[in-house]
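A.B. asks: would you be able to build a 3D model of this:
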Amino acid sequence: MKTLLTALKFIMLMTVLTGIAYPLLITGVGRLFFVRQAEGSLIIDGGKILGSELIAQKFTDPRYFWPRPSAVDYNPQPSGGSNLGPTSASLKDSIMVRRSRFAAADGAPVPADLLCASGSGLDPHISPEAARYQLDRVASARQLDKAQRTALLSLIDKYTEAPTIGILGQSRVNVLWLNLALDSLGRR
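C.D. replies: Take a look at the predicted model:
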């Protein structure tokens, strides 16, 4: 009986510590030191929420840069990957479908991040190569002249982020920020 009481006390203590105290502490620290991130890193313009810079948005219009594919259709509630492995016929078929979407006149290989979903299915970034790969499609859909195409290339460079602290990860472009800046070039 003494062992059972000790076990129950330990369960109660750990429940309070790990189920209540720790989450409250982390939430408080987040709201105190990381206000923007704790609130979802929302991009707000004129009181209207345009999206989150941390969660991919679904862009399918050829006038915009497209993000990485998503196994959860860009829904943040059930985030997750497809769990399909390299030997999966289903994964190979979906990659072939995605590759056909990006059929390029010059025959350049499609960057892998435009063919494969991220682990969360919500990665808001693409590689600078993937952004440049889509440049011709976006420029054609928007009927951009040569000067505007050059400005568009400059936007890709402007919104290319370096690896975190210079060594973690790769250079990346936030698709939502790039598309918002793209709209500032003017619509046709």
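A.B. asks: need the pLDDT of the spatially most central residue of the chain.
C.D. replies: With distances taken as CA atoms, centre = their mean, P124 lies nearest the centre of the chain, 1.4 Å away. As summarised for this prediction, P124 has a pLDDT of 91.
A.B. asks: what strand or helix carries the closest residue to K158 other than its chain neighbours?
C.D. replies: Nearest residue to K158 in three dimensions, chain neighbours excluded: A181, at 7.3 Å (CB to CB, 6 or more residues apart in numbering). C-beta here means a position set from N, CA and C on the backbone, and glycine is covered the same way. For A181, the enclosing helix or strand under DSSP states H and E is helix 175-183.
A.B. asks: D136 now?
C.D. replies: Assessed by DSSP H and E, D136 sits inside helix 128-141.
A.B. asks: and after that helix, which helix or strand comes next?
C.D. replies: helix 146-158.
A.B. asks: so which elements touch that following helix?
C.D. replies: Other elements packing on helix 146-158 under the criterion 3 or more CB pairs under 8 Å, 6 or more residues apart in numbering; DSSP states H and E are helix 128-141, helix 175-183.
A.B. asks: keeping just the C-alphas, turn it into CSV.
C.D. replies: Extracted in CSV, the C-alpha atoms of helix 146-158 (Å, rounded to 0.1, in the frame of the first residue of the first chain):
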residue,chain,number,x,y,z
LYS,A,146,12.1,42.9,-69.4
ALA,A,147,12.6,45.6,-66.7
GLN,A,148,9.8,44.1,-64.6
ARG,A,149,11.4,40.6,-65.0
THR,A,150,14.7,42.0,-63.8
ALA,A,151,12.8,43.6,-60.8
LEU,A,152,11.2,40.2,-60.1
LEU,A,153,14.7,38.5,-60.1
SER,A,154,15.8,41.2,-57.6
LEU,A,155,12.8,40.4,-55.4
ILE,A,156,13.9,36.8,-55.3
ASP,A,157,17.4,37.9,-54.2
LYS,A,158,15.9,40.4,-51.7
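A.B. asks: would you mark the buried spots in that helix?
C.D. replies: 149, 151-152, 155-156 (16 or more other CB atoms under 10 Å).
A.B. asks: contacts for that helix?
C.D. replies: Residues from elsewhere that reach helix 146-158, judged by CB atoms under 8 Å, 6 or more residues apart in numbering: 128, 131-132, 135, 138-139, 142, 144, 173, 178, 181-182, 185-186.
A.B. asks: make TSV out of the residues you listed and add neighbour count.
C.D. replies: Putting the contacts of helix 146-158 into TSV (neighbours: other CB atoms under 10 Å) gives the following:
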residue	neighbour count
P128	18
A131	28
R132	18
L135	16
V138	23
A139	19
R142	19
L144	19
V173	24
L178	24
A181	17
L182	21
L185	16
G186	10
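A.B. asks: and the residues you listed, which is closest to V29?
C.D. replies: Ranked by distance to V29 (CB to CB), those are led by V173 at 30.0 Å.
A.B. asks: tell me the secondary structure for that closest one?
C.D. replies: With DSSP: H, G, I helix; E, B strand; the rest coil as the basis, V173 sits in strand.
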